[in-house]
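Student: fold the stuff below for me.
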Amino acid sequence: MTYKNPQSVLVIIYAKNTNRVLMLQRKDDPDFWQSVTGSIEKGETPKEAVIRELWEEVRLKISPNSTALFDCNESVEFEIFPHFRYKYAPNITHCREYWFLYAVEQEFEPQLTEHLAFKWVSVQEAIQLTKSPNNAAAIKKYLINKG
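Tutor: Numbering: from 1, shown residues only. Below you'll find the model as predicted:
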């Protein structure tokens with residue numbers, strides 16, 4: 001069995017024209033809403049993982065030189081929710097997550113491949129909606145004054 005890498009990326013997508021945040025509903029936990037996230041694959045940099053995850057999860061193709069992608073140069077370690085730990089090697093309980101923002105000019109309808117649904121919500125709604133404390137913290141830290 002191939003286990004997930006306990007290093008991941010978080011990409012908060014927000015629309016400049018509405019100041020709203022794109023939130024995605026997980027298939028494996030329908031009560032869990034989040035931004036784009038994903039494990040960093042072997043040999044990948046966090047930025048390369050972001051570019052891949054944006055394509056895989058919402059079919060957003062971006063250039064490595066995109067000025068709309070902002071590397072927060074911040075990462076946090078968090079405890080993996082117990083019901084998701086089966087995806088990781090035995091005894092792995094924590095993950096390091098690297099934070100990014102991606103600004104789009106206007107809201108779009110993502111082509112979902114790994115999620116049940118999406119919605120564009122205000123910054124405050126996004127903070128309240130996500131089950132992920134780090135997703136909420138990143139939104140609060142980087143977007144609270146935008147919305």
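
Student: any idea how far T18 lies from L69?
Tutor: Per Cβ to Cβ, to the nearest Å, T18 is found 19 Å from L69. Placement of C-beta: from N, CA and C, glycine included.

Student: thought K16 was touching Y102?
Tutor: No. The criterion here is Cβ atoms under 8 Å, and K16 misses it with Y102 at 10.8 Å.

Student: between these two, which one's more packed in?
Tutor: More crowded of K16 and Y102, by other Cβ atoms under 10 Å: Y102, with 21 against 13.

Student: off-centre distance for the strand or helix carrying the more buried one?
Tutor: Assigned by DSSP states H and E, Y102 belongs to strand 94-104. Distance, stretch centre to chain centre, for strand 94-104: 6 Å (Cα atoms, centre = their mean, to the nearest Å).

Student: next, the buried residues of it.
Tutor: C95, E97, Y98, W99, F100, L101, Y102, A103 (16 or more other Cβ atoms under 10 Å).

Student: if we can go back for a sec, neighbour count winner among T18 and L69?
Tutor: L69 (18 against 13).

Student: contacts only, for that one.
Tutor: L69 makes contact with K47, V50, I51, I62, F100, L101, Y102 under the criterion Cβ atoms under 8 Å, 6 or more residues apart in numbering.

Student: quick one: it and T93, what's the gap?
Tutor: 30 Å.

Student: which SS class is the residue nearest to E53 when sequence neighbours are not counted?
Tutor: Distances taken as Cβ to Cβ, 6 or more residues apart in numbering place G38 nearest to E53, at 3.9 Å, with adjacent residues excluded. Secondary structure, DSSP: H, G, I helix; E, B strand; the rest coil: G38 is strand.

Student: try N134
Tutor: Three-state call for N134 (three-state DSSP): helix.

Student: give me the angle between the top helix by length along the chain and strand 94-104.
Tutor: Determined from DSSP state H, the single longest helix within the chain is helix 46-58. Counting by axes from the mean of the first three to the mean of the last three Cα atoms, to 10 degrees, helix 46-58 lies at 70 degrees to strand 94-104.

Student: packing partners of helix 46-58?
Tutor: Judged by 3 or more Cβ pairs under 8 Å, 6 or more residues apart in numbering; DSSP states H and E, helix 46-58 is in contact with strand 7-15, strand 20-26, strand 36-39, strand 69-79, strand 94-104.
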